[in-house]
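Asks: Structure for this input, please:
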Amino acid sequence: MNRGMSRETEHSSGLHYRRANVVPPSRKRRASRRRSARVAAYGARLPSKPADYTVPVKIVIADDLPRSAVDLLAAEGWTVDAVAGRPLDQLKRDLSDADALVVRSATKVTAPLISAASRLRVIARAGTGVDNVDVGAASARGIVVMNAPGANSTSVAELAVGLMLALARNVAAADAAMKQGKWEKKRFMGEELRDKTLGIVGLGRIGQEVAHRASAFGMHVIAHDPFIAAQVAADLGVELVSLDEVFARADYLSLHLPAMPATKNLVNAQRLARSRRGIRIINTARGDLIDERALADAIESGQVAGAALDVFEVEPPPDPRLQSMPQVIATPHIAASTREAQELVGVETATALRDFLRDGVIRNAVNFPSVSAEEFARLQPFLSLGERLGAFLAQMNDARSDAIGIRYYGELATGNNDLLVSAVLVGLFKPILSAGVTAVNARAIAAERGIEIVESRSSRARNFTSLMSVKLHTNTGERWVEGAVFDRTTPRLVLVDGIAIDAPLEGTMLVLCNNDQPGVIGDVGTVLGRHGVNIANFALGRQGDRAVGVVNVDNGVELQQSVLDEIRRVKAIREARIVRV
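Replies: A predicted model of the protein is given here:
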């Protein structure tokens, strides 16, 4: 085939590639066969509107991408428009006839920008997260959103270990003194990492890489991650413990969690006060994980010996207090900024994009479940139910999980329910991982973390046309919830840990487990009233000497930790948790 000569023109702001793209019928047939084979292998679905091979494919790259990644796409004979930093109005015009958009973190892909791209079929984010992409707006348009998870894991892990070494040996302070012409050898007495305890919070890809490297220094590694199987941790030589135990035992603490409501200010004044005196903290994950004022106070008091921070609550930080402390090493969010990571992220993104545009293969998508229209219509009311049940269990659990059981009753027991499993897993993982967990990658995350998935079915309706039962198996026992959908629109919670109940499965809920005795409801209501919390719904279930209460509060009301602490002091309360779905 004569695809024409390549033309490349230099521009001050980037590179433009232009190539002819005329595909003969014979190649179309071969491409179709390849596409069918790959789709079968990956289990993905082709876009609902196949590409028009008579129109050249156009890819807009809005942020810097390695030359190798741009060349990979241009080699397909597509029009590749690679200009970083173009004005928004220009970007909108360039996207008006584009099939694909590639961004890093600089370009914000908003709903208005998406609406300006009438032909857009895929958005590829060259990075781990998709925080700068309006995934909802893209999904509404049927646009696939891809990212490159894990491509920068090694770079982030290496910086975390490098910062830990720098803290141990006072490298930054010693260097600053030398630059001032001071020779203060005795002042900078350090310590070895050997035989010290490293606590890792979040044992995903990056956390596991850090554990590997810490073991090479002879460190004892402990970790907290409720969604890592014991065998995975054992293979790493890591001891799994509770979050409080990590703080109590760790000489060094390394954070590897996403920014989520459940992880905001994970490192706070209370936990720092209970930590081992002299602990050193490393954060290469997200700034929201640390209450920066509490950390600064703990450093000044001597409770925390030092910190190494690559990320901050606001970037750049408006208050220099923390990073100006001599016990703090501060870097400007550079954990993934290595030549190798940037190259790998770019090539991985370009490869996934090429495979989608050329062959219909979908990889690393964050919003693209594969299901027929008929199956989707049957499952749609239960997808939200499954995700909410998973999220409910995640927030009711502190123990280590190794399996999850999902059982369907009644009409729901028929047909293919793979998407329901993914929905439950999405709900389960999102509170402790990230928004990047979707129906597409949820099973892979479960497998990576060694969590077994067990499905079962029963034609018995159990007083409901369809019912979903979910059990989370942990090292301390089981957490068990069941739900149903009323009128095919309203998810309801109908059972908690074996006790029947009927509560709306939505919004902010206060979940109580208590001894079944008089006065408990009154005491709880008094506490909520004293804090100005209005009750929207109160559901109660009883069995033997146990009772379960689910209190739905008004929309927009934020239950504070102080409210929860006061409720836990009510004598009959066995357990009290805040759950948001």
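Asks: what's the average pLDDT for the helix or strand containing L272?
Replies: L272 belongs to helix 269-274 when assigned by DSSP states H and E. Mean pLDDT, helix 269-274: 95.
Asks: Below-threshold pLDDT in this protein: ranges please.
Replies: Scanning the chain for pLDDT under 70 picks out the ranges 1-55, 368-374, 376, 433-436, 438-440, 556-557.
Asks: is it true that V171 touches L165?
Replies: Yes - using CB atoms under 8 Å, V171 makes contact with L165 at a distance of 7.3 Å. In short, each C-beta sits where N, CA and C put it, glycine included.
Asks: Show me which of the two is the more surrounded one.
Replies: V171 (16 against 13; other CB atoms under 10 Å).
Asks: Now do the contacts for the more buried one.
Replies: With contact taken as CB atoms under 8 Å, 6 or more residues apart in numbering, V171 is in contact with L165, I329.
Asks: Phi and psi next, for it.
Replies: Here is the backbone geometry of V171 (degrees, to the nearest 10): phi -60, psi -50.
Asks: ok, now R358?
Replies: phi -90, psi -40.
Asks: same question, F382
Replies: For F382, the backbone dihedrals (degrees, to the nearest 10) come out as phi -100, psi -10.
Asks: pretty sure it contacts V485?
Replies: Yes - at 6.0 Å, F382 counts as touching V485 under the criterion of CB under 8 Å.
Asks: anything in contact with each of the two?
Replies: By CB under 8 Å, 6+ apart, the residues touching both F382 and V485 are S466.
Asks: Please identify which of these two sits among more neighbours.
Replies: F382 (25 against 22).
Asks: quick one: contacts for that one?
Replies: F382 touches L412, L420, A423, S466, M468, V485, counting by CB under 8 Å, 6+ apart.
Asks: Against R580, how distant is the second one?
Replies: To tie it back to what came earlier, the one meant is L420. 21 Å (CB to CB, to the nearest Å).
Asks: higher neighbour count, these two?
Replies: Neighbour count, other CB under 10 Å: between L420 and R580, L420 has more, with 24 against 15.
Asks: Surely the more buried one forms part of a strand?
Replies: No - counting by DSSP: H, G, I helix; E, B strand; the rest coil, L420 is not part of a strand but helix.
Asks: count of neighbours near the closest residue to it other than its chain neighbours?
Replies: Counting by CB to CB, 6 or more residues apart in numbering, L420 lies nearest to G386, which is 4.8 Å off, once chain neighbours are set aside. A count of nearby residues for G386, using other CB under 10 Å, gives 27.
Asks: Which helix or which strand is home to G386?
Replies: Counting by DSSP H and E, G386 is found in helix 373-395.
Asks: For the helix or strand following that helix, which strands pair with it and how are they oriented?
Replies: Later in the chain than helix 373-395, the nearest helix or strand by DSSP H and E is strand 401-410. Each strand paired with strand 401-410, and its direction, by DSSP bridges: strand 452-458 (parallel), strand 466-474 (antiparallel).
Asks: which other residues reach strand 401-410?
Replies: So strand 401-410 is contacted by 226-227, 229-231, 386, 417, 420-421, 424-425, 428, 446, 450-462, 464-475 (CB under 8 Å, 6+ apart).
Asks: quick one: it to helix 373-395, angle?
Replies: 140 degrees (axes from the mean of the first three to the mean of the last three CA atoms, to 10 degrees).
Asks: Might you quantify the distance of strand 401-410 from its chain's geometric centre?
Replies: On the basis of CA atoms, centre = their mean, to the nearest Å, strand 401-410 sits 22 Å off its chain's mean C-alpha point.
Asks: before we move on, what about stretch 299-307?
Replies: Put simply, stretch 299-307 sits 30 Å off its chain's centre (CA atoms, centre = their mean).
Asks: Equivalent analysis for stretch 387-406, please.
Replies: Chain-centre distance of stretch 387-406: 16 Å, with CA atoms, centre = their mean.
Asks: what separates the residue lying closest to K430 once chain neighbours are set aside from Q517, distance-wise?
Replies: Leaving aside its sequence neighbours, K430 sits nearest to V437 (CB to CB, 6+ apart; 5.2 Å). Distance, V437 to Q517, by CB to CB: 40 Å.
Asks: on that earlier part again, may I ask which helix or strand encompasses the residue nearest to K430?
Replies: Using DSSP H and E, no helix or strand contains V437.
Asks: residues contacting A106?
Replies: Going by CB under 8 Å, 6+ apart, the list of residues near A106 reads A62, D63, A84, G85.
Asks: In strands only, show me those.
Replies: Judged by DSSP state E, strands contain none of the contacts of A106.
Asks: May I see the contacts of F382 arranged in TSV, with distance to S105 as well?
Replies: Converted to TSV, the contacts of F382 look like this (distance: CB to CB, whole Å):
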residue	distance to S105
L412	41
L420	33
A423	29
S466	42
M468	38
V485	38
